[in-house]
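# Can you look at this prediction? I've put the sequence above it.
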Amino acid sequence: MMAIDIDIASHLGAVSRVVEDRVHDGQAIRVVIASRAYDTDIEDLWDALTNTERLPRWFAPVEGELKPGGWFKVKNNAHGSITACDAPRSFSATWEFGPAVSWINVMLKPTKDGGTHLTLEHLCPPNDHWTKFGPGAAGVGWELGLLGLGMHMRSRVARDTFDEHAFGVSDEGKGFVRATGAGWIAADVAGGEDASEATKRGQRTIHFYCGESFDHI
């Protein structure tokens, strides 16, 4: 199915997952934090994250003005405004999908061995979607992107070698989703959620990404 090798085990072992409380603009929110290092320098990773010619190779086509005060639109996904940018170290933006508004922060830091550590924060207001699916709804989706980014950093191949939607419903992809989903259940519990409730909503998220019914959960 895939034209290149997908090093799932390497990704799973490289990612740190955290869920924490925070106050944003006076509102109590939950923050989903995924981080991992990439074997490339900070300028190259920044370019992969912000260059509209490279974004489709690992993420999706993105249009707009990727600069402070600018806007963006991800094809068939969210749109938003760039609220802050400190190239090549960080940027922040709104993440708007339908009527829901959340926020993202992306931060890059050089590692001692010449690589770059990426931290992605998704700031989620408490709502029915969070109650039903928990942090994995954002976390699993972002990890599919971070997996694609890792593949791009190694090979620079075109996006059509890795369709995350087709991958997500393949046997290999379902294994990835279950593993990342379990990681976000653990992070949810570590962040203070009741273990039973965290497991239920984490399982709903896993079933959703695998294209399976979750009405019974």
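Yes, it's here. Predicted model only: the values in this text are computed from it and were never measured.
# C-alpha from now on. contacts and neighbour counts both.
Fine.
# end-to-end on stretch 73-85?
17 Å (C-alpha to C-alpha, to the nearest Å).
# again with stretch 82-100
Taking C-alpha to C-alpha, the first and last residues of stretch 82-100 lie 17 Å apart.
# Need the contact partners of that stretch.
42-43, 46, 66-72, 77-81, 101-109 (C-alpha atoms under 8 Å, 6 or more residues apart in numbering).
# So residue 108 belongs to a helix, correct?
No. With DSSP: H, G, I helix; E, B strand; the rest coil as the criterion, residue 108 is located in strand rather than a helix.
# contacting residues around it?
Residue 108 touches 42, 46, 88-90, 116-119, counting by C-alpha under 8 Å, 6+ apart.
# can you tell me how far the most centrally placed residue in the chain sits from residue 35?
With distances taken as C-alpha atoms, centre = their mean, residue 142 lies nearest the centre of the chain, 1.5 Å away. Separation of residue 142 from residue 35 (C-alpha to C-alpha): 10 Å.
# Over to residue 116?
The value you get for residue 116 to residue 35, if C-alpha to C-alpha is used, is 11 Å.
# Counting neighbours around each, name which of these two comes out higher.
residue 116 (23 against 19; other C-alpha atoms under 10 Å).
# in this protein, which spans are strands?
16-24, 27-38, 62-64, 71-74, 79-86, 90-97, 100-110, 116-124 (DSSP state E).
# The fifth one vs strand 100-110, what angle?
Think strand 79-86. Strand 79-86 and strand 100-110 are oriented at 30 degrees to each other (axes from the mean of the first three to the mean of the last three C-alpha atoms, to 10 degrees).
# Quickly run through the sheet partners of strand 79-86, with directions.
With DSSP bridges as the test, strand 79-86 is paired with strand 71-74 (antiparallel), strand 90-97 (antiparallel).
# quick one: low-confidence ranges for the chain?
Within the chain, the ranges that satisfy pLDDT under 70 run 1-6, 157-162.
# Walking through it, point out its helices one by one.
8-14, 42-50, 55-58, 128-133, 136-155, 164-168, 171-190, 195-209 (DSSP state H).
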